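Participant: Just need the structure, nothing else, for what follows:
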Amino acid sequence: MTTFGRKTAAATIIKLSVALILGVLCAAHPAGAQTTGKVYRLGFLGSGSAVASAGLVEAFRDGLRERGWIEERSLYIEMRFAENRLDRLPDLAAELIRMKVDVIVAIPAAAAVAAKQATGTIPIIMVMTSDPVALGLIASLGHPGGNVTGVAGSVVGLYGKRVQLLKEAVPSVRRVAILSNPGSSTRPISIDNAKAAAQSLGITLQFQDVRAPDDFDGAFAAMAKDRVDAIVVVADPLFGTHARRLAELVAKYRLPSIYANRGEFDAGGLIMYGSSGTQQARQAAAYVDKILKGARPGELPVEQPNKVDLVINLRTAKALGLTIPPSLLVRADQVIE
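Facilitator: Residues are numbered from 1 along each chain as shown. Sure thing, here's the model as predicted:
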């Protein structure tokens, strides 16, 4: 082989070696992966139980993975759940702060409020938080200010809309119970909105409190005594955790029911009108991504849920002896038969 031939062969080998090394590096760091070298620590603060929140957590993790964040490589997530004991939230928030987390993701409103009260500097991403302006978490949706941003869980007007939908589904309804946890930070907002709608529809509202699992039986007995025609279930982790028990009582007392969350509805509700919590958790991952890349939470506009769904369960309607008006069925995003 000539000298020129040997040089050409050597150059070819070097090029192939460089290409092989680059290929290995690309495989180790796929497109979008974070390669800054810093490992971040996230705090995840939930009001409900770890079991009931599993779908939200997985959706959040999926959102992070889609943006190249890999657990135990580019970030760690510290999970803390109050297990429906809202009085535990301040201590759990303080624990995350002591761990020097870079961001706190708080689900739902009660967790966001506890996190905000605990820190004014660590970025907080709220999820499933109704009317965060009224709760004092942000200045406005477009310009949150401070250290909180995220996804506003539902439009304030949805509870009034839920009362209206119950009336459309069951025109004979005259007395509706608002079932809620008095410890929930969004309860006053929900009740005020429901009151306005009920007054315009000629409906009498009854406010029924459930603070703990042991309160369910007494609450439903009280509603039966007062001849309640239907119930609106205000979103709360307590109801999500005990969705099956709630559904059993709804069926026992033959009460048409409407829910804000799919989890409680799927256990046996008549109507669900609300946004997807898992979709909101995915949206939260986008906020985390921006903040870890340098964005300021106060400058990131708060998003509304991407979509509000109307779902009607005709099996439940049949069990209750109800016929849902066709005018309502045609507007549903999903009809379960």
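
Participant: CA atoms for contacts and neighbours, from now on please.
Facilitator: Noted.

Participant: show me where the protein has helices.
Facilitator: 3-28, 54-66, 89-98, 109-118, 158-169, 187-201, 216-225, 237-241, 243-252, 262-266, 277-292, 314-319, 326-329 (DSSP state H).

Participant: Give the rounded mean pLDDT of stretch 293-312.
Facilitator: Confidence for stretch 293-312, expressed as mean pLDDT, is 90.

Participant: Check which residues of it are buried.
Facilitator: By 16 or more other Cα atoms under 10 Å, the buried positions in stretch 293-312 come out as 296-298, 300-305, 308-312.

Participant: ditto for stretch 328-337
Facilitator: Quick answer for stretch 328-337 (16+ other Cα under 10 Å): Leu329, Ala332.

Participant: Endpoints of it, how far apart?
Facilitator: One end of stretch 328-337 sits 15 Å from the other (Cα to Cα, to the nearest Å).

Participant: and it, how far out from the chain's middle?
Facilitator: Put simply, stretch 328-337 sits 23 Å off its chain's centre (Cα atoms, centre = their mean, to the nearest Å).

Participant: re earlier: which stretch in the helices of the chain has the least confidence?
Facilitator: It's helix 3-28: among these, that one has the lowest mean pLDDT, namely a mean of 45.

Participant: Could I get the contacting residues of Phe239?
Facilitator: Leu246, Glu264 (Cα atoms under 8 Å, 6 or more residues apart in numbering).

Participant: Go again with 7 Å.
Facilitator: Neighbouring residues of Phe239 by Cα atoms under 7 Å, 6 or more residues apart in numbering: Glu264.

Participant: measure it to Gln208 for me?
Facilitator: From Phe239 to Gln208 the distance is 13 Å (Cα to Cα).

Participant: how close does the residue positioned nearest the centre of the chain get to Ile138?
Facilitator: By Cα atoms, centre = their mean, the chain has its centre lying nearest to Gly277, at 3.4 Å. Relative to Ile138, Gly277 is positioned 21 Å away (Cα to Cα).

Participant: go on, Ile336?
Facilitator: Counting by Cα to Cα - Ile336 and Ile138 are separated by 38 Å.

Participant: Just give me the neighbour total for the nearest residue to Arg85 once chain neighbours are set aside.
Facilitator: Leaving aside its chain neighbours, Arg85 sits nearest to Ser47 (7.2 Å; criterion: Cα to Cα, 6 or more residues apart in numbering). By other Cα atoms under 10 Å, 29 other residues sit near Ser47.

Participant: Please apply the same query to Asn84.
Facilitator: With other Cα under 10 Å as criterion, Asn84 counts 21.

Participant: Wait, it touches Gly48, no?
Facilitator: Yes. Counting by Cα atoms under 7 Å, Asn84 does reach Gly48; the two are 4.6 Å apart.

Participant: what touches both of these two?
Facilitator: With Cα under 7 Å, 6+ apart as the test, Asn84 and Gly48 both reach Pro237, Leu238.

Participant: on that earlier part again, which of the helices of the chain sits closest to Lys38?
Facilitator: Evaluated over the helices of the chain, closeness to Lys38 peaks at helix 277-292, with 10.3 Å, by Cα to Cα.

Participant: And that closest one, what does it pack against?
Facilitator: Where contact means 3 or more Cα pairs under 7 Å, 6 or more residues apart in numbering; DSSP states H and E, helix 277-292 is packed against helix 54-66, strand 124-129, strand 148-152.

Participant: Pipe these into CSV and attach mean neighbour count and distance to Arg262 per row.
Facilitator: Output for the helices and strands packed on helix 277-292, formatted as CSV (neighbours: other Cα atoms under 10 Å; distance: least, Cα to Cα, whole Å):
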stretch, mean neighbour count, distance to Arg262
helix 54-66, 18, 11
strand 124-129, 29, 13
strand 148-152, 28, 17
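
Participant: wait, which of these is closest to Leu179?
Facilitator: Of the helices and strands packed on helix 277-292, nearest to Leu179 by Cα to Cα is strand 124-129, at 18.3 Å.

Participant: what does that closest one contact?
Facilitator: By Cα under 7 Å, 6+ apart, the list of residues contacting strand 124-129 reads 103-109, 112, 147-154, 277, 280-281, 284.

Participant: if you set the cut-off to 8 Å instead, what comes out?
Facilitator: 103-109, 112, 115-116, 147-154, 277, 280-281, 284, 287-288, 297.

Participant: cool, stretch 180-188 as well?
Facilitator: 86, 109-110, 130-131, 135, 207-211, 233-236, 238.

Participant: Figure out how far that stretch is from the centre of its chain.
Facilitator: 16 Å.

Participant: what about it, start to end distance?
Facilitator: Stretch 180-188: ends 10 Å apart by Cα to Cα.

Participant: List the contacts of stretch 162-179.
Facilitator: 191, 194, 197-198, 201-210, 223, 227-234, 256-259, 273, 322-325, 328.

Participant: Can you get me a residue count around the closest residue to Ala114 other than its chain neighbours?
Facilitator: Nearest residue to Ala114, sequence neighbours excluded (Cα to Cα, 6+ apart): Pro90, at 5.3 Å. Per other Cα under 10 Å, the neighbour tally for Pro90 reads 18.
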